[in-house]
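A.B. asks: Next come a sequence and a model predicted from it.
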Amino acid sequence: MEELCSVPELKAEGKVMNHCVAGYAHRCKQGHSAIFSLRRYETHADGQTDLKSYATLEVRVLSRKIVQIQAYHNRPVNGVVMSMIRQWATAHQLM
């Protein structure tokens, strides 16, 4: 899980995931929200490794509550991804 802390990071995530997360930059700058990306390195058959995003999360800073979880093109995440998010949320005392 990686926090996206800059406008370029938010724009890159929005491009990769095909959603509008970059529009939340003002919420992050004001300290209302924090945006995280669930990512994993994947190795292809040709030996090349790249970082793949599986989900983008919005966490409200004051309430420590996850308010959005989006997969590619604003689709819901699958069960495996949701399980990883739950483990991360529990470890970081998020609701």
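C.D. replies: Looks like it arrived, so ask away.

A.B. asks: Just give me the neighbour total for residue 77.
C.D. replies: Residues lying near residue 77 (other CB atoms under 10 Å) number 19. Just so you know, the C-beta spots here come from the backbone N, C-alpha and C atoms, and that holds for glycine as well.

A.B. asks: Name the nearest residue to residue 34, sequence neighbours excluded.
C.D. replies: residue 59 (4.7 Å; CB to CB, 6 or more residues apart in numbering).

A.B. asks: neighbours around that neighbour, how many?
C.D. replies: Neighbours of residue 59 (other CB under 10 Å): 19.

A.B. asks: Which helix or strand contains residue 54?
C.D. replies: strand 49-60 (DSSP states H and E).

A.B. asks: swap that for residue 93, please
C.D. replies: Using DSSP H and E, residue 93 falls outside every helix and strand.

A.B. asks: Tell me how far the nearest residue to it once chain neighbours are set aside lies from residue 77.
C.D. replies: What sits nearest to residue 93 in space, not counting adjacent residues and going by CB to CB, 6+ apart, is residue 64, at 6.5 Å. Relative to residue 77, residue 64 is positioned 20 Å away (CB to CB, to the nearest Å).
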